[in-house]
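Asker: predicted model and sequence below, questions to follow.
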Amino acid sequence: MTDSSAADTPTRLVSRPAGLAAIAGRYDAVLCDIWGVLHDGAKAFPAAPGALRALRRGGKPVALVTNAPRPDYEVAAHLTDLGIAPDCYDAIATSGDVCARAIVGRAPQKPFQIGPERDLPVYDAASRMAGFEIRPVALDEAGFVVCTGLVEDTVETPADYEAVLQACRAKNLPMICANPDLVVYRGEHLVYCAGALAERYEQLGGRVEQAGKPYAPIYRAALAMLETARGAPLSPSRVLAIGDAMHTDIAGAQAMGMDCVWITTGVHREDVHGQDGALDVEALKQFFQEQDTPPTYHMDRLAW
């Protein structure tokens, strides 16, 4: 049953279903964000796995879509560690895999890496796709840049990368951004992502190719996965997208012609929730008025 509380915006009514059970029948498949929807980087949200399993039991294939700059198997292993088992989803589309394909597309040019060692598996994925080894090199040997994030993202900011970004720009190197997110919450702490560095690089005049949401390649990959799982073609209008970031999850899905559930307790939670955690209806209305296109639905957290 749909909750009677809804935000009245100039464009349309954004309804607040009590759970996915109230709206799942309108759709044939689901694309679901991971960070901020299924977990906060440290722990899974209690109701999320059950909601995904209920969708699949109802014949709705689920593809997880994430701006994690790592291959799908790395993301799957992390989800399992958090208690989100493989029976919760049919496939995972990662910006890391999209990035790997972009790296292969630039061979034999070699990449310069901006990012932590934990993101190096993206080159393993690229090497498997290419059939030969691809590894990052020093800046003076590189033909392009791969930005996966900040090395010490709990303490660093984009300002710490000004010198290296200036050096890359001086060589006129194009950049592949493996995570277009600007910031995410890790537990209770907000940390910068690769997208913040890519944004600064563009301000310097650099060229940036974005590998993840809200850009079309990752959505096309995810839709293909859903069609394989369903065994039939899918119209984007019959796919429900779920996410917490307006400028990536929601904007990207809307550009593909999908309806969206916006999770309010994710990256924008300080905009619409009070210090006590309760949804601030007036703040929510103001937030929606500031968006070009509000989402179809909003929920505090993912639940069935």
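Answerer: Perfect, thanks for sending it.

Asker: so what does the helix or strand harbouring Phe287 touch, helix or strand wise?
Answerer: Secondary structure assignment for Phe287, by DSSP states H and E: helix 281-289. On a contact count with 3 or more CB pairs under 8 Å, 6 or more residues apart in numbering; DSSP states H and E, helix 281-289 meets strand 2-8, helix 269-272. In short, each C-beta sits where N, CA and C put it, glycine included.

Asker: report the buried residues of the shortest one.
Answerer: Read that as helix 269-272. Arg269, Val272 (16 or more other CB atoms under 10 Å).

Asker: surely Ala85 and Pro49 touch.
Answerer: Yes. The pair Ala85 / Pro49 is scored as a contact, 7.0 Å apart, by CB atoms under 8 Å.

Asker: who has more neighbours, those two?
Answerer: Pro49 (21 against 13; other CB atoms under 10 Å).

Asker: show me what contacts the more buried one?
Answerer: Listed by CB atoms under 8 Å, 6 or more residues apart in numbering, the contact partners of Pro49 are Leu38, Gly83, Ile84, Ala85, Cys88.

Asker: look at the second one and give its secondary structure.
Answerer: Same thing as Gly83. Put simply, Gly83 is coil when judged by DSSP: H, G, I helix; E, B strand; the rest coil.

Asker: who touches the nearest residue to it once chain neighbours are set aside in this structure?
Answerer: In this structure, Gly83 finds its nearest non-sequential neighbour in Ala44, 4.9 Å apart by CB to CB, 6 or more residues apart in numbering. Ala44 sits next to Leu38, Leu82, Gly83, Ile84 when contact means CB under 8 Å, 6+ apart.

Asker: let's see that with 6 Å instead.
Answerer: Shown in contact with Ala44 (CB atoms under 6 Å, 6 or more residues apart in numbering): Leu82, Gly83, Ile84.

Asker: would you map the helices across the stretch 51-200 of the chain?
Answerer: 72-81, 95-105, 121-130, 162-170, 194-203 (DSSP state H, counting those that start in this stretch).

Asker: revised request: answer the last question for the stretch 201-304 of the chain.
Answerer: 216-230, 251-255, 269-272, 281-289.

Asker: out of those helices, which is the most enclosed?
Answerer: helix 251-255 (a mean of 22; mean count of other CB atoms under 10 Å).

Asker: verify the stated contact: Asp271 with Phe287.
Answerer: Yes. With contact defined as CB atoms under 6 Å, Asp271 and Phe287 form a contacting pair (5.3 Å).

Asker: so what pLDDT did Thr293 get?
Answerer: Per-residue pLDDT puts Thr293 at 84.

Asker: Gln275 now?
Answerer: 88.

Asker: what is the burial count for it?
Answerer: So Gln275, with other CB under 10 Å, has 7 neighbours.

Asker: sounds good, over and out.
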